[in-house]
Every structure is written in C-alpha cells, then in structure tokens.
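K.L.:
coords please:
(chains A and B)
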Amino acid sequence: NAGVMQNPRHLVRRRGQEARLRCSPMKGHSHVYWYRQLPEEGLKFMVYLQKENIIDESGMPKERFSAEFPKEGPSILRIQQVVRGDSAAYFCASSARQGMSNSPLHFGNGTRLTVT
Amino acid sequence: TQLLEQSPQFLSIQEGENLTVYCNSSSVFSSLQWYRQEPGEGPVLLVTVVTGGEVKKLKRLTFQFGDARKDSSLHITAAQPGDTGLYLCAGVGRDDKIIFGKGTRLHILP
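P.N.:
Numbering: from 1, shown residues only, chains lettered A, B, ... in the order given. Below is the predicted model:
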C-alpha cells in the first residue's frame, strides 16, 4: 500500500545542526503539503508545493526553513541551525489535484524532530 | 484570520455512551473535513461535508455541517475503545486553504 512515506520517523539534532525531512507522496499525487504539529495543538500549515514549484509558503518561517519538491525524488523540508523551539512533529500530506474541496489530503505518519 | 474552535478539548467517557463534539467558526467554509489521528500516526480523513445542513453517517459516527457552513458536529453512538483518538476538524476556505482546529482528544474507557 504505497501511501505517503515520511522519513526518518524520529530525528534528533543538536542546536545549530541542520534537519532534513523527506516525504514521498502517494503514487500519482503531485501536490505536497507540509504541516507542523505541537503537543495539544492542531496542524499548522507551512508550505504547499507542486513538482518543482512552491505554490504557497505563507506558513513557513522566513529564516532557516526551506522546502523543495524536485522533478525526481521526494519533497524535502530543510531546517537550518535548528533551535529547541523547532521540536515538533512534521507531517507531509499529498493530494491528486489542486483544490482542497475536490481532493482530500493523505497524510504520512510524520517525522518527530527533537532538538537537544 | 479564519479560526476553528473545537470543543471539548478533552473527553473521557465509558464504553457504550453517546457523545458529541463540536467545531465552530465565525467564518464560512466551502467544505469541512473531519480527521482522526492516533498516537504516532498521521491524520486519516473520515468524511467531507460540503452542503449546508448536510448529514453524513459512517457506521456509528454522524457528521453534520451547519446550515450556514460555519460549524459542524460529530456524534458518536455507543462509543467503543477503538474510537479513542484525536478528532480534528478542518475547514476549506474560499481561497482553498485548509485550516485545522486543535482537535478533541477522545478517550473511551472499557
């Protein structure tokens, strides 16, 4: 069952290091969304990408965070110079078509980032 | 800014009881989705409601979209331990952006 695959499941980084989170969307899906979830919080939108394009990055911090979805390979969420406040669960979701109303999101099981 | 308020935040009830959780906003949404999330996993879509007043049933779960498309409820009949989880509502705005509530954490005691 080729669902949305995220790796690693758990990632521990020291302050100042870089974190790279990978997401392979469901087969046939070309729309990828990244969300962040803190304990007892809902999902906060970060960025929406299509192949080779960032469509909406309004939820992503301007500094240290970047995302890409290359023509080949998984989508990558990159956090440079991590700080303790970056510790959270990061979820990736994919959809087949643009437009949330028409195409539901399929989520991966997340990457839990811990910054020590 | 569109916000979705979910209530209650936490709910712990005995197996066999009925319950209702709510999702409210002052904004109008083109559709509303309900997800369930279990510990260590990603959210899984349960249902999408689109039309004001729409009611959808999924076995013992009944979802309703408010007439004005600003709110929604989820009613569970005869709750079972397998219903335990975090229930998230998500509204799809006119700009096609999806906004998530903080969720209701449900615990069904056997």
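K.L.:
drop to CA atoms for contacts and neighbour counts, all remaining ones
P.N.:
OK.
K.L.:
Next, find the distance separating the nearest residue to B:Pro110 once chain neighbours are set aside from chain A.
P.N.:
Nearest residue to B:Pro110 in three dimensions, chain neighbours excluded: B:Glu15, at 5.3 Å (CA to CA, 6 or more residues apart in numbering or on different chains). Using CA to the nearest CA, to the nearest Å, we find B:Glu15 at a distance of 24 Å from chain A.
K.L.:
Which pLDDT does the model give B:Glu15?
P.N.:
The per-residue pLDDT reported for B:Glu15 equals 97.
K.L.:
in chain B, what residue is nearest chain A?
P.N.:
B:Lys102 (3.7 Å; CA to the nearest CA).
K.L.:
so how many other residues sit close to that residue?
P.N.:
26 (other CA atoms under 10 Å in any protein chain shown).
K.L.:
For chain A, give the residue positioned nearest to chain B.
P.N.:
A:Gly42 (3.7 Å).
K.L.:
What are the neighbouring residues in contact with that residue?
P.N.:
A:Gly42 makes contact with B:88, B:100-103, according to CA atoms under 8 Å, 6 or more residues apart in numbering or on different chains.
K.L.:
Can you tell me the closest non-neighbouring residue to it?
P.N.:
B:Lys102 (3.7 Å).
K.L.:
Over to B:Gln6?
P.N.:
That would be B:Cys23: by CA to CA, 6+ apart, it lies 4.5 Å from B:Gln6.
K.L.:
Against B:Leu3, how distant is that neighbour?
P.N.:
10 Å (CA to CA, to the nearest Å).
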